[in-house]
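Participant: I would like to see how this sequence folds:
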Amino acid sequence: MWTNHPDTLKVLEKYDVDEEDINKSWGYLKNGQLYRGSTAWLMGLRELCAPWCWGYYLIYVPEAIREFVYNLVAKNRYSWFGRSDQCRV
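Facilitator: Numbering: from 1, shown residues only. Here you go, the predicted structure:
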């Protein structure tokens, strides 16, 4: 969901997530469980077809290391991968 969508705002309120916070890290909601950060990203990968779903096994990397890498990529993504006003997909 988009962060400014009314349904998203209801979910954020239900799970006590600040609207500013959701713009800083990814969230993944499944079966009433809200996952955040690297865990959310990996749970999303799990839903995809091979070979992407294999990335889920990074869940076994200690969370502190995963979050460090997640935050590093998040902080530098535009300088590393560029930025576009249109979806590239």
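
Participant: which stretches of this protein aren't confidently modelled?
Facilitator: 1-4, 23, 88-89 (pLDDT under 70).

Participant: which one's the longest helix in it?
Facilitator: Using DSSP state H to define each element, the chain has its longest helix at helix 63-81.

Participant: give the contact list for Tyr70.
Facilitator: For Tyr70, the contact set (C-beta atoms under 8 Å, 6 or more residues apart in numbering) comprises 25, 37-38, 41. All C-beta spots, glycine's among them, are computed from the backbone N, C-alpha and C.

Participant: and of the residues you listed, the nearest to Tyr60?
Facilitator: Within these, proximity to Tyr60 (C-beta to C-beta) peaks at Ser38, which comes in at 12.1 Å.

Participant: so the closest one is in which element?
Facilitator: Per DSSP states H and E, Ser38 falls inside helix 37-46.

Participant: Which other helices and strands does that helix contact?
Facilitator: Counting contacts by 3 or more C-beta pairs under 8 Å, 6 or more residues apart in numbering; DSSP states H and E, helix 37-46 packs against strand 27-30, helix 63-81.

Participant: Mind putting the ones you listed into CSV with distance to Leu12?
Facilitator: Below are the helices and strands packed on helix 37-46 laid out as CSV (distance: least, C-beta to C-beta, whole Å):
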stretch, distance to Leu12
strand 27-30, 8
helix 63-81, 19
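
Participant: Out of the ones you listed, which gets nearest to His5?
Facilitator: strand 27-30 (13.0 Å).

Participant: Packing partners of that closest one?
Facilitator: Where contact means 3+ C-beta pairs under 8 Å, 6+ apart, strand 27-30 is packed against strand 33-36, helix 37-46.

Participant: For it, buried residues please.
Facilitator: Buried residues in strand 27-30, counted by 16 or more other C-beta atoms under 10 Å: 27-28.

Participant: again, but for stretch 53-62
Facilitator: Under 16+ other C-beta under 10 Å, the buried positions of stretch 53-62 are Tyr56.
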